[in-house]
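> next come a sequence and a model predicted from it.
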Amino acid sequence: VQLQASGGGLVQAGGSLRLSCAASGRAVSNYNMGWFRQAPGKEREFVARISWSGGSIDLADSVKGRFTISRDGAENTLYLQMNSLKAEDTAVYYCAARGWGGTRNEWQYWGQGTLVTVSS
(Lines give C-alpha, C1' and ligand atoms only; values in the text may rest on other atoms or scores of the structure.)
Protein backbone atom coordinates (compact mmCIF):
# COMPACT_ATOMS: atom_id res chain seq x y z
CA VAL A 1 0.00 0.00 0.00
CA GLN A 2 1.29 3.43 -0.94
CA LEU A 3 -0.02 6.69 0.46
CA GLN A 4 0.52 10.14 -1.03
CA ALA A 5 -0.53 13.13 1.05
CA SER A 6 -1.06 16.57 -0.44
CA GLY A 7 -2.85 19.85 0.14
CA GLY A 8 -0.69 21.46 2.78
CA GLY A 9 0.34 25.09 2.63
CA LEU A 10 0.38 28.43 4.38
CA VAL A 11 -2.91 29.79 5.71
CA GLN A 12 -3.91 32.53 8.11
CA ALA A 13 -5.45 31.72 11.45
CA GLY A 14 -9.16 31.18 11.06
CA GLY A 15 -8.76 29.91 7.53
CA SER A 16 -9.33 26.49 5.99
CA LEU A 17 -7.41 23.81 4.14
CA ARG A 18 -8.30 20.41 2.81
CA LEU A 19 -5.71 17.68 2.84
CA SER A 20 -5.90 14.68 0.55
CA CYS A 21 -4.26 11.29 0.73
CA ALA A 22 -4.28 9.13 -2.38
CA ALA A 23 -4.01 5.44 -1.59
CA SER A 24 -2.94 2.71 -3.97
CA GLY A 25 -2.38 -0.99 -3.60
CA ARG A 26 -4.17 -4.25 -3.18
CA ALA A 27 -7.49 -4.10 -1.31
CA VAL A 28 -6.75 -0.58 -0.09
CA SER A 29 -10.46 0.18 -0.02
CA ASN A 30 -10.74 -2.28 2.87
CA TYR A 31 -8.23 -0.44 5.01
CA ASN A 32 -8.96 1.81 7.95
CA MET A 33 -7.26 5.16 7.52
CA GLY A 34 -6.16 8.06 9.66
CA TRP A 35 -4.37 11.37 9.98
CA PHE A 36 -1.56 12.25 12.34
CA ARG A 37 0.55 15.36 12.76
CA GLN A 38 3.91 16.29 14.13
CA ALA A 39 4.68 19.83 15.19
CA PRO A 40 8.26 21.09 15.43
CA GLY A 41 9.93 19.72 18.54
CA LYS A 42 6.96 17.55 19.45
CA GLU A 43 5.99 13.93 19.09
CA ARG A 44 3.64 12.78 16.40
CA GLU A 45 0.04 12.84 17.57
CA PHE A 46 -3.24 11.35 16.48
CA VAL A 47 -5.66 13.66 14.66
CA ALA A 48 -8.45 11.56 13.18
CA ARG A 49 -9.32 8.12 11.85
CA ILE A 50 -12.06 6.58 9.76
CA SER A 51 -13.08 3.00 9.22
CA TRP A 52 -12.88 1.29 5.84
CA SER A 53 -16.62 1.76 5.36
CA GLY A 54 -16.65 5.34 6.58
CA GLY A 55 -19.16 4.34 9.21
CA SER A 56 -16.89 4.93 12.20
CA ILE A 57 -15.03 8.15 12.84
CA ASP A 58 -12.81 9.21 15.72
CA LEU A 59 -11.36 12.69 16.22
CA ALA A 60 -8.86 14.05 18.71
CA ASP A 61 -10.41 16.44 21.21
CA SER A 62 -8.18 19.25 19.97
CA VAL A 63 -9.77 19.20 16.50
CA LYS A 64 -13.38 18.26 17.24
CA GLY A 65 -15.78 20.78 15.77
CA ARG A 66 -13.11 22.12 13.41
CA PHE A 67 -11.78 19.16 11.40
CA THR A 68 -13.70 16.59 9.38
CA ILE A 69 -12.33 13.31 8.09
CA SER A 70 -13.87 11.57 5.11
CA ARG A 71 -12.98 9.16 2.35
CA ASP A 72 -13.97 8.48 -1.22
CA GLY A 73 -14.05 4.73 -1.70
CA ALA A 74 -14.31 4.91 -5.45
CA GLU A 75 -11.23 7.12 -5.71
CA ASN A 76 -9.35 5.52 -2.78
CA THR A 77 -8.74 8.96 -1.37
CA LEU A 78 -8.77 10.14 2.23
CA TYR A 79 -9.56 13.73 3.14
CA LEU A 80 -9.09 16.01 6.11
CA GLN A 81 -11.10 19.22 5.97
CA MET A 82 -9.59 21.69 8.40
CA ASN A 83 -11.55 24.79 9.36
CA SER A 84 -10.97 27.54 11.91
CA LEU A 85 -7.28 26.79 11.84
CA LYS A 86 -5.11 27.91 14.73
CA ALA A 87 -1.39 28.54 15.02
CA GLU A 88 -1.11 25.38 17.12
CA ASP A 89 -2.34 23.33 14.15
CA THR A 90 0.97 24.03 12.42
CA ALA A 91 2.61 20.67 11.76
CA VAL A 92 3.52 18.10 9.18
CA TYR A 93 0.42 16.03 8.57
CA TYR A 94 0.70 12.34 7.76
CA CYS A 95 -1.89 9.90 6.52
CA ALA A 96 -1.82 6.28 7.60
CA ALA A 97 -3.58 3.03 6.78
CA ARG A 98 -4.00 -0.38 8.34
CA GLY A 99 -5.89 -3.56 7.71
CA TRP A 100 -7.31 -3.87 11.22
CA GLY A 101 -9.13 -1.84 13.84
CA GLY A 102 -8.09 -1.17 17.41
CA THR A 103 -6.40 1.72 19.17
CA ARG A 104 -5.43 5.08 17.73
CA ASN A 105 -1.86 3.93 17.28
CA GLU A 106 -0.12 0.96 15.60
CA TRP A 107 -0.58 1.71 11.91
CA GLN A 108 0.79 -0.35 9.03
CA TYR A 109 1.49 2.17 6.31
CA TRP A 110 2.44 5.85 6.30
CA GLY A 111 2.43 8.60 3.73
CA GLN A 112 5.27 11.07 3.33
CA GLY A 113 3.65 14.04 5.07
CA THR A 114 2.46 17.45 3.98
CA LEU A 115 3.30 20.68 5.80
CA VAL A 116 0.57 22.92 7.16
CA THR A 117 1.62 26.32 8.45
CA VAL A 118 -0.91 28.57 10.16
CA SER A 119 0.12 32.17 10.64
CA SER A 120 -1.31 34.12 13.55
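Cool, got the structure. Numbers count the residues shown, from 1 in each chain.
> so which residues of this structure form strands?
2-6, 9-12, 17-24, 32-38, 45-50, 57-59, 67-72, 77-82, 91-98, 109-110, 114-119 (DSSP state E).
> need these in TSV (columns: mean pLDDT and mean neighbour count).
Backbone N, C-alpha and C define where each C-beta goes, glycine included. Shown next, in TSV, are those (pLDDT from 0 to 100; neighbours: other C-beta atoms under 10 Å):
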stretch	mean pLDDT	mean neighbour count
strand 2-6	97	17
strand 9-12	98	13
strand 17-24	97	18
strand 32-38	97	23
strand 45-50	98	21
strand 57-59	97	15
strand 67-72	97	18
strand 77-82	98	22
strand 91-98	97	22
strand 109-110	96	16
strand 114-119	98	17
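> and the residue nearest the centre of the chain, bridged to which residues?
Central residue of the chain (C-alpha atoms, centre = their mean): Trp35, 2.5 Å from the mean position. Under DSSP bridges, the beta-bridge partners of Trp35 are Ala48, Cys95.
> confirm for me that it is in contact with Gly8.
No. At 11.7 Å, Trp35 does not count as touching Gly8 under the criterion of C-beta atoms under 8 Å.
> mutual contacts of those two, please.
Shared contacts of Trp35 and Gly8 (C-beta atoms under 8 Å, 6 or more residues apart in numbering): Leu19, Tyr93.
> excluding chain neighbours, what is closest to Ala22?
Of all residues beyond its chain neighbours, the one nearest Ala22 is Gln4 (4.6 Å), with distances taken as C-beta to C-beta, 6 or more residues apart in numbering.
> now the one you found: how far from Gly14?
28 Å (C-beta to C-beta, to the nearest Å).
> could you do Asp72 as well?
For Asp72 relative to Gly14 (C-beta to C-beta), the value is 27 Å.
> same check, this time on Ser51
Distance, Ser51 to Gly14, using C-beta to C-beta: 31 Å.
> the two - which one has more neighbours?
With neighbours defined as other C-beta atoms under 10 Å, Ser51 and Gly14 compare such that Ser51 has more, 14 against 11.
> which residues sit in contact with the closest residue to the more buried one other than its chain neighbours?
Counting by C-beta to C-beta, 6+ apart, Ser51 lies nearest to Asn32, which is 5.3 Å off, once chain neighbours are set aside. Going by C-beta under 8 Å, 6+ apart, Asn32 touches Arg49, Ile50, Ser51, Trp52, Ala97, Arg98, Gly99, Trp100, Gly101.
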